[in-house]
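Trainee: How does the following fold in three dimensions:
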Amino acid sequence: MGMLDEHGREPYQNIPTELCPFIDRQRAVDEIALVNRRTGEVSYGISSLFQIIGNAWPLFKPLFSFKPFTTGMSKLYTFISANRKVIVPVKVVGNTIQPTFKLKYRLAYLLLTWLITSIILTEYAKILTAIVPLGKAYREYMICGGQILVQYVIVGIVNKYKRWDYLGNMMTISFAGSLLLLPMLLIAQLIAVNTLVKIAYFMAVAGCMLLENARRSNLLELGWTLTVSWVLYRILVLLIILNAVI
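Mentor: Numbering: from 1, shown residues only. Next up is the predicted model:
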């Protein structure tokens, strides 16, 4: 947005040698480091963003000095930063420094994505009652939560060291898939949509989720086991639902 000049930013993997003495490299991976080249002063994370935005738009400086606001934004920043590698995954090459793993923020991310995904799926289930029996209000919450537990066990067998990375990636896929259902939910509220069309749309979204699960599992070098178990779990759940057990 033009807040920095063309040489004002650099990937943390390519920190210029002359700046290395000033920067905590691990912290720079966790939080964006802003370096004053003249003084050597370094700020990190949300403080860096506040300085840049405040310099471009001075109107916001009083807000950036308001402690309740800065505290809340700092928590939000850390939440996103701690989970960014499972939101947008990349293949780790060599010994590149990785963000510090923070279990409480990963658990918070799993909880948030589970909740939103379950809410949307509960609403989508209501427009499929012509084919799929409508279950109890808690059904989709149980299904989504059960998926997390099952995959937790399986990834622990395959590679326990990548357990939280996989679960974060899996729930990103579930969350993204649920968001893709929203357009059809909205359309179904406005006009009559054939149930087969709604089923076909859901299956198309599920297919995209399956491909993305396979892609991310490959990035994590976990093979096909987690993708196969993901599919088998969903098939089992569908059979149970069609038999109106839950």
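
Trainee: Distance from the host helix or strand of residue 175 to the middle of the chain?
Mentor: Assigned by DSSP states H and E, residue 175 belongs to helix 163-190. Chain-centre distance of helix 163-190: 10 Å, with CA atoms, centre = their mean, to the nearest Å.

Trainee: Same question for it: list its buried residues.
Mentor: Within helix 163-190, the residues that count as buried by 16 or more other CB atoms under 10 Å are 163-178, 180-181, 184-185, 188. Where you see a C-beta, it was placed from the backbone N, CA and C, and this is true even at glycine.

Trainee: Kindly report the same for stretch 71-83.
Mentor: By 16+ other CB under 10 Å, the buried positions in stretch 71-83 come out as 73, 77, 78, 79, 81, 82, 83.

Trainee: Just the ones in helices from these, please.
Mentor: 73, 77, 78, 79, 81, 82, 83 (DSSP state H).

Trainee: residue ranges for the helices of this protein, please.
Mentor: 25-30, 46-56, 61-64, 67-87, 103-125, 139-159, 163-190, 195-219, 225-242.

Trainee: Name the residues that touch stretch 140-149?
Mentor: 110, 114, 117-118, 121-122, 125, 167, 170-171, 174, 230, 233-234, 237, 246 (CB atoms under 8 Å, 6 or more residues apart in numbering).

Trainee: Could you tell me how far it lies from the centre of the chain?
Mentor: 17 Å.

Trainee: Give me the mean pLDDT for it.
Mentor: Computed over stretch 140-149, the mean pLDDT rounds to 95.

Trainee: C-alpha coordinates for that stretch, CSV please?
Mentor: The C-alpha trace of stretch 140-149 is given here as CSV (Å, rounded to 0.1, in the frame of the first residue of the first chain):
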residue,chain,number,x,y,z
GLU,A,140,-22.6,-31.8,13.1
TYR,A,141,-20.6,-30.7,16.2
MET,A,142,-20.1,-34.4,17.1
ILE,A,143,-19.2,-35.4,13.6
CYS,A,144,-16.6,-32.6,13.2
GLY,A,145,-15.2,-33.2,16.7
GLY,A,146,-15.1,-36.9,16.1
GLN,A,147,-13.0,-36.3,12.9
ILE,A,148,-10.5,-34.3,15.0
LEU,A,149,-10.2,-37.1,17.5
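
Trainee: For stretch 28-47, which residues meet the burial criterion?
Mentor: Buried-residue list, stretch 28-47, by 16+ other CB under 10 Å: 28-35, 42-47.

Trainee: How about stretch 51-66?
Mentor: 51, 52, 53, 54, 64.

Trainee: Of those residues, which pair is most distant in space?
Mentor: Pairwise distances across the buried residues of stretch 51-66 peak at 10.5 Å for 52 and 64 (criterion: CB to CB).
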